[in-house]
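>>> Here is a sequence together with a model predicted from it:
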Amino acid sequence: SRTRDILFTDIDDLFSKKRVIDDTLLEEIEESLIMADLGVDLCLKVMENVSRKSKKLSTANELKDLLKAEIQALFPGEPSAPEPTAVVKPRVIMVVGVNGTGKTTTLGKLAMKFTNEGQKVLIAAADTFRAAAIEQVSEWARRANVGIVKHRDGADPAAVAFDGVEAAIARGIDVLLIDTAGRLHTQKNLMEELKKIKRTIAKRLPGAPHEVLMVLDATTGQNAISQAKLFNEAVGVTALALTKLDGTAKGGIAVSISGTMEIPLKYIGLGEGINDLQEFNSQLFINALFD
Amino acid sequence: MFDNLSDRLNATFKKLKGRGTLSEKAIDEGLKQVRMALLEADVNYRVAKKVISDIHRRALGQEVMESLTPGQQVIKIVYDEFSTMMGSAHEGLNLGNRVPETVMLVGLQGAGKTTTAGKLALYLKKQGKRPFLVPVDLHRPAAIDQLKKLGKQLGIPVFDSTQEMKLGDICRAAEKMAGQEGFDTLLVDTAGRLHVDDGLMAELVELKKMLNPVETLLVADAMTGQDAVNIAGAFDKAVDLTGVILTKMDGDARGGAALSIKAVTGKPLKFIGVGEKSTGLEPFHPERMASRILGMGDTLSLIEKA
Ligand SMILES: Nc1nc2c(ncn2[C@@H]2O[C@H](COP(=O)(O)OP(=O)(O)OP(=O)(O)O)[C@@H](O)[C@H]2O)c(=O)[nH]1
Ligand SMILES: Nc1nc2c(ncn2[C@@H]2O[C@H](COP(=O)(O)OP(=O)(O)OP(=O)(O)O)[C@@H](O)[C@H]2O)c(=O)[nH]1
Ligand SMILES: [Mg+2]
Ligand SMILES: [Mg+2]
């Protein structure tokens, strides 16, 4: 599969049938994990388990199954109780993340996806800060053929979000997608602004936003952990999207974040086109890594 | 755990009372910590390996200086090696004498090219130059609008590109206009592209041929992970970079990508981006970058004096 091709191909190459399990092999596996941006701590943990358990194994192939199991164990387990099936309307999804990760593009792709599923979609252009952010998201609304609520450059983003929710309710919208400005997690005032946007949404529609989707760039290294931590503390991230997996970066840091913070990785971005979005499934993902 | 490499090294060496030369065992212990710090800072695995083995060779048999603990001594060796690798003092733009000269910004999607074009324009304007912003990103929605808005905010002229134009036509018309209006530096904002996108990389090579820029700068995100070597290597191979600008340094990324990029391309890091605003551009300081990647905090000043 595509996911497999772009992720961990290196690892797969290591497991030729004839290879014996020795220190060189273990070191090569460690190198692959680090180069995939899995992170030092996680890599050490995985390697410790793998090298301990590998003593009982005889072939590289068995080692592959072991490694697969170890990485699978990192992902959050399936929720024990099924998600409530009652459909909320409008379902409000707030898209957040640091600068340039692909928030607006992912939101455009989601608008198309939901529209294709027969849902009525509305976009709120709550990035009023970056130059031409409103023009950019308007173009995505046009492409997906959905409505958009926007104010002027420099307007209060919380006010845009509020109007978005109001319009969504009035127009019988199924999904409201709120685009927010990129911001570094370390900027306190901008994180406060994000909290305010969230509070304002909840004020107009209790229970909303129903999803806070954090967009991570697969090219990002260890800093993504700090990003996810601080965004989660500020606005409670409920899902992750991993973009730019069409490049050569492996995006291993998302495995680490999803695992340690128990936030599901929902979507992956594979290009700049409106259909370049795939749903993510940890089980399939892991199988694809090593099959 | 210790956040700071100096603390870690000092803890590692606490039991080590002896002075004199650094033993191989002590060096190995210390370098293990350094290696961890490098990987945590996103220095590429292979680059880190190479750096560590170089440092190991240099450290063998060195005397511990009177004023330093063995931990600090190891840091000093590492730091010296690092500063050398990072390059010498700040190099600004090497603008030639042709009028107009062209500076081309290239890089991955979302790295910060358009924002940096605005920043460089302001930087040049403050030096009394007459920059001209040229949008050649016909790809990303509203990319041209973005640069036009930045130009307007800064009072800097922007070529009136439209998505329907051909790249070659834009380049020729912009150069002609610069001649007529007396603009001395063209700042060309290219579309973001993946280094493995053959079609778009070929387009970049074509653009470079048409523009014959005096500076071809890679704009790279300071948060970039292990892939930095592949990205920088591919761009350098395609368009022969003259320098690098590292953006989003206002965050808490350790910025190990800087070392990876330098190791792979050998090209100077010229500026860092430290904010979204057009004033958020600073000269690159190799020593500061070295201490940031190593997570050395205050120890640095102590060692610099030694
Ligand atoms: N190759 C590739 N490019 C992508 C993908 N997702 C987004 N991009 C590109 O990344 C760049 C930034 O995307 P945006 O959607 O503007 O990112 P953003 O997070 O909204 O940026 P800010 O609002 O400025 O913080 C654009 O050039 C997009 O076309 C992806 O999955 N693959
Ligand atoms: N905090 C911070 N944000 C930055 C910096 N440089 C750029 N940005 C932000 O990063 C995002 C992407 O910047 P752009 O200039 O649009 O990036 P680009 O490389 O032109 O993107 P594409 O044209 O889509 O490839 C925007 O939100 C910018 O405001 C910086 O130094 N610090
Ligand atoms: Mg955006
Ligand atoms: Mg741009």
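Okay, I see it. Ligands and ions are numbered 1, 2, ... in the order given.

>>> I'd like to know how many residues surround residue 157.
I'll assume chain A. Burial measure for A:Pro157: 24 neighbouring residues, criterion other Cβ atoms under 10 Å in any protein chain shown. (Each C-beta comes from the backbone N, C-alpha and C, glycine too.)

>>> wrong one, chain B
Residues lying near B:Pro157 (other Cβ under 10 Å) number 18.

>>> Distance check, it against B:Thr115.
When distance is defined by Cβ to Cβ, to the nearest Å, B:Pro157 is 18 Å away from B:Thr115.

>>> now swap in A:Asp156 and tell me
A:Asp156 is 23 Å from B:Thr115, where distance means Cβ to Cβ.

>>> who's more crowded, the two?
Per other Cβ under 10 Å, whichever of A:Asp156 and B:Thr115 has more neighbours is B:Thr115, with 28 against 15.

>>> give me the number of residues near the nearest residue to the more buried one once chain neighbours are set aside?
In space, B:Thr115 comes closest to B:Glu276 once its chain neighbours are excluded; the distance is 6.6 Å by Cβ to Cβ, 6 or more residues apart in numbering or on different chains. As a burial measure, B:Glu276 scores 22 neighbours (other Cβ under 10 Å).

>>> Run through the residues that contact B:Glu276.
Shown here is B:Glu276, whose contacts under the criterion Cβ atoms under 8 Å, 6 or more residues apart in numbering or on different chains are A:99, A:129-130, B:115.

>>> buried residues in stretch B:31-43?
Neighbour-count burial for stretch B:31-43, counted by 16 or more other Cβ atoms under 10 Å in any protein chain shown, picks out B:31, B:33-43.

>>> Out of these, the closest to ligand 1 would be?
Lowest distance from ligand 1 to the buried residues of stretch B:31-43 (Cβ to the nearest ligand atom) belongs to B:Asp42, with 19.8 Å.

>>> Need the three-state assignment for that closest one.
Under DSSP: H, G, I helix; E, B strand; the rest coil, B:Asp42 falls in the coil class.

>>> What does the pLDDT read for it?
With respect to pLDDT, B:Asp42 scores 97.

>>> Can you say which helix or strand has A:Glu233 in it?
Secondary structure assignment for A:Glu233, by DSSP states H and E: helix A:223-235.

>>> the strands in the stretch 101-250 of chain B, which residues?
Under the criterion DSSP state E, counting those that start in this stretch, strands of the stretch 101-250 of chain B are mapped to B:101-106, B:131-135, B:185-189, B:215-221, B:243-247.

>>> I'd like those strands written out as CSV, with mean pLDDT, distance to B:Ser23 and mean neighbour count added.
Below are the strands of the stretch 101-250 of chain B laid out as CSV (pLDDT from 0 to 100; distance: least, Cβ to Cβ, whole Å; neighbours: other Cβ atoms under 10 Å in any protein chain shown):
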stretch, mean pLDDT, distance to B:Ser23, mean neighbour count
strand B:101-106, 98, 47, 25
strand B:131-135, 98, 56, 27
strand B:185-189, 98, 54, 26
strand B:215-221, 98, 39, 26
strand B:243-247, 98, 37, 25
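
>>> Can you say which of the ones you listed is nearest to A:Lys229?
Ranking the strands of the stretch 101-250 of chain B by proximity to A:Lys229 (Cβ to Cβ) places strand B:215-221 first, at 18.9 Å.

>>> Now do the nearest residue to B:Arg35 once chain neighbours are set aside against B:Ile245, distance only.
In this structure, B:Arg35 finds its nearest non-sequential neighbour in B:Ile52, 5.3 Å apart by Cβ to Cβ, 6+ apart. In this view, B:Ile52 and B:Ile245 are 28 Å apart by Cβ to Cβ.

>>> ditto for A:Ile178
According to Cβ to Cβ, A:Ile178 and B:Ile245 sit 32 Å apart.

>>> returning to that earlier point: the residue nearest to B:Arg35 reaches B:Leu31, doesn't it?
Yes - counting by Cβ atoms under 8 Å, B:Ile52 touches B:Leu31, with 5.3 Å between them.

>>> check contacts around the residue nearest to A:Gly247 when sequence neighbours are not counted.
Spatial nearest neighbour of A:Gly247, chain neighbours left out: B:Leu194 (4.6 Å); criterion: Cβ to Cβ, 6+ apart. Neighbouring residues of B:Leu194 by Cβ under 8 Å, 6+ apart: A:244, A:246-247, B:108-109, B:200.

>>> want to throw those residues into a markdown table with neighbour count?
A markdown table is the format used below for these (neighbours: other Cβ atoms under 10 Å in any protein chain shown):
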| residue | neighbour count |
| --- | --- |
| A:Lys244 | 27 |
| A:Asp246 | 20 |
| A:Gly247 | 24 |
| B:Leu108 | 25 |
| B:Gln109 | 23 |
| B:Leu200 | 15 |
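
>>> and ligand 3, which of these contact it?
Here nothing survives when these are matched to ligand 3 using Cβ under 5 Å from the ion.

>>> Residue in the stretch 201-306 of chain B with the shortest distance to ligand 1?
Counting by Cβ to the nearest ligand atom, the stretch 201-306 of chain B gets nearest ligand 1 through B:Glu276, at 8.4 Å.

>>> got it, and chain A?
Counting by Cβ to the nearest ligand atom, chain A gets nearest ligand 1 through A:Gly182, at 2.1 Å.

>>> Return the residues of the stretch 101-250 of chain A in contact with ligand 2.
Within the stretch 101-250 of chain A, the positions adjacent to ligand 2 are A:130, A:182, A:184 by Cβ under 6 Å from any ligand atom.

>>> Surely A:Ala234 touches A:Asn189?
No - A:Ala234 lies out of contact with A:Asn189 (Cβ under 8 Å); the separation is 11.6 Å.

>>> can you tell me the helix or strand for B:Ile75?
Here B:Ile75, judged by DSSP H and E, is contained in helix B:70-86.

>>> Which residue is the nearest non-sequential neighbour of A:Ala133?
A:Asp127 (3.9 Å).

>>> What score does that neighbour have for pLDDT?
Value for A:Asp127, per-residue pLDDT: 98.

>>> can you pull the contacts of B:Phe132?
B:100, B:156-159, B:174, B:177-178, B:181, B:183, B:185-187.

>>> Could you rerun that using 7 Å?
Residues in contact with B:Phe132, defined by Cβ atoms under 7 Å, 6 or more residues apart in numbering or on different chains, are B:157, B:159, B:174, B:178, B:183, B:185-187.
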